[in-house]
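Colleague: no sequence on this one, just coordinates:
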């Protein structure tokens, strides 16, 4: 299926779901649950909590569907709800935003490794990162969001998001070199 | 087998949850819908209480037709009493349930009306007036249900009411006709 067709198909499903069609919403759930759950899991590092957040995110999305604007990306909108849900579940989300260093001009969000890294090792290293740094790395580095989008989702300044990502990359590199599992 | 990657965005973005979350989601999103449906039904019931009253009226009138022969009233013109409420030419007939638009039903009803008119002509004036008045009330009830159906053609309750009312009318007409035959 071509990407355009996927988008059109999503739009039709969203429209049906907005009118209260639970079957259409189930289809949207099936199409998006993996990505939403992956995001929740990487942000929470807790499988049970991630499943709860994912479930709550879809329930919130159903309730908020009438306010969804068709021209926006459904996937991004859904991820924003999921990130909000994760942040709500955290006991002290305000501590996430911390001064790191002058963000300045940072490199591209996508992180390259000189030598191939085992997936499991990389996942473990990401999971070991501090919360704020991990959030920025997951959203920008893995899910491909711009700093402005990620910062908006996380409720932090764009500069802070850049700084957190920079910090995440440094810590990740260090931990991979030390073989942190 | 553990895959190796050279970029962080090569990691899988889709990670299915360990269990299917849909049943719980479905339950959560269905609850408000059930409440809303219940509220709608309550409003619908309230809106059609007059129709239910009409049905009750139809039943009472039918009884009145059967006992009317024995009650003394004053004279009423017979010719205008048995109007065809289910006249296929009338606008309201188009919204009738299919069973009531059936040609056989119309034929039987028209035949019954002719026979009942003959029977009414033969009745004592007081008895005739009472029976005619009862039949007219019955037909007015049917017309009112038809009018309500015209405003809400898909209303199942009204459709049921119309069918049962028309059946009641047929039973009443038959009872009047047969009462005449027995006397003969």
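Modeller: Sure thing, it's come through. Note that this is a predicted model, so its numbers are computed, not measured.

Colleague: check the single nearest residue of chain A relative to chain B and give its pLDDT.
Modeller: Proximity to chain B, evaluated over chain A using CB to the nearest CB, is greatest for residue A:34 at 3.2 Å. Every C-beta, even on glycine, is put in place using the N, C-alpha and C of the backbone. Reading off the per-residue confidence, residue A:34 sits at a pLDDT of 96.

Colleague: how about it: what's its closest non-neighbour residue?
Modeller: Setting aside the residues directly before and after it, residue A:34 is nearest to residue B:14 in space (CB to CB, 6 or more residues apart in numbering or on different chains), at 3.2 Å.

Colleague: and the one you found, which of the three is it?
Modeller: When classified by DSSP: H, G, I helix; E, B strand; the rest coil, residue B:14 comes out as coil.

Colleague: tally of neighbours for it?
Modeller: Using other CB atoms under 10 Å in any protein chain shown, residue B:14 has 12 other residues around it.

Colleague: ditto for residue B:20
Modeller: For residue B:20, using other CB under 10 Å, the count is 12.

Colleague: same question, the one 4 residues further on
Modeller: For residue B:24, the neighbour count with other CB under 10 Å is 16.

Colleague: likewise for residue A:142?
Modeller: The burial count assigned to residue A:142 is 22, neighbours taken as other CB under 10 Å.

Colleague: check the one 4 residues further on too.
Modeller: Burial of residue A:146 is recorded as 13 neighbouring residues (other CB under 10 Å).

Colleague: how about residue A:177?
Modeller: 9.

Colleague: separation between it and residue A:57?
Modeller: Residue A:177 sits 35 Å away from residue A:57 when distances are taken as CB to CB, to the nearest Å.

Colleague: from residue A:135, how far out is residue A:111?
Modeller: Distance check for residue A:111 against residue A:135: by CB to CB, it reads 15 Å.

Colleague: need the longest helix for chain A.
Modeller: In chain A, with assignment by DSSP state H, the single longest helix is helix A:22-44.

Colleague: give the buried residues for it.
Modeller: Buried residues in helix A:22-44, counted by 16 or more other CB atoms under 10 Å in any protein chain shown: A:22, A:24-29, A:32-44.

Colleague: so, low pLDDT: which residues of the chain?
Modeller: I went with chain A, as the question did not name one. A:1-9, A:91-110, A:180-181 (pLDDT under 70).

Colleague: wrong one, chain B
Modeller: The model of chain B has pLDDT under 70 over residues B:1, B:31-103, B:151-156, B:180-184.

Colleague: can you list the residues of it near chain A?
Modeller: Of all the residues in chain B, those in contact range of chain A (CB under 8 Å from any CB of the partner chain) are B:2-9, B:11-19, B:21-22, B:24-26, B:28-30, B:33.

Colleague: picking up where we left off before, the residue nearest to residue A:34 and residue A:35 touch, don't they?
Modeller: Yes - in this structure residue B:14 lies within contact range of residue A:35 using CB atoms under 8 Å: 5.1 Å.

Colleague: which residue ranges form the strands in the chain?
Modeller: Assuming you mean chain A. Along chain A, the segments classed as strands by DSSP state E run A:112-118.

Colleague: nope, chain B please
Modeller: B:4-7.

Colleague: find the closest residue to chain A in it.
Modeller: Shortest chain B-to-chain A distance, computed as CB to the nearest CB: residue-wise this is residue B:14, at 3.2 Å.

Colleague: so which bits of stretch A:68-82 are buried?
Modeller: Taking 16+ other CB under 10 Å as the neighbour-count basis, stretch A:68-82 is seen to contain the buried residues A:68, A:74, A:75, A:77, A:78, A:79, A:80, A:81, A:82.

Colleague: residue B:124: which of these is nearest?
Modeller: Here the nearest of the buried residues of stretch A:68-82 to residue B:124, counting by CB to CB, is residue A:68; it sits at 74.9 Å.

Colleague: residue contacts, that closest one?
Modeller: Residues touching residue A:68, when contacts are defined by CB atoms under 8 Å, 6 or more residues apart in numbering or on different chains, comprise A:14, A:18, A:74, A:77.

Colleague: can you check residue A:75 too?
Modeller: Applying CB under 8 Å, 6+ apart as the definition, the contact partners of residue A:75 turn out to be A:32, A:35.

Colleague: just residue B:173 next, same as before
Modeller: Neighbouring residues of residue B:173 by CB under 8 Å, 6+ apart: B:109, B:112, B:113, B:116, B:135.

Colleague: domain assignment for chain B?
Modeller: Domain assignment of chain B by automatic domain parsing yields the ranges B:25-71, B:76-178.

Colleague: circling back: now, of the residues of chain B next to chain A, which are buried?
Modeller: Using 16+ other CB under 10 Å, the buried members of the residues of chain B next to chain A are B:5, B:8, B:11, B:13, B:15, B:17, B:21-22, B:24-26, B:28-29.

Colleague: not counting its neighbours along the chain, what's nearest residue A:62?
Modeller: The spatially closest residue to residue A:62, leaving aside those adjacent along the chain, is residue B:29, at 4.6 Å (CB to CB, 6+ apart).

Colleague: how many neighbours does residue B:23 have?
Modeller: Other residues close to residue B:23 by other CB under 10 Å number 9.

Colleague: how about the buried residues of stretch A:68-82 in TSV, adding distance to residue A:140?
Modeller: Below are the buried residues of stretch A:68-82 laid out as TSV (distance: CB to CB, whole Å):
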residue	distance to residue A:140
A:68	24
A:74	20
A:75	16
A:77	18
A:78	18
A:79	12
A:80	14
A:81	18
A:82	16
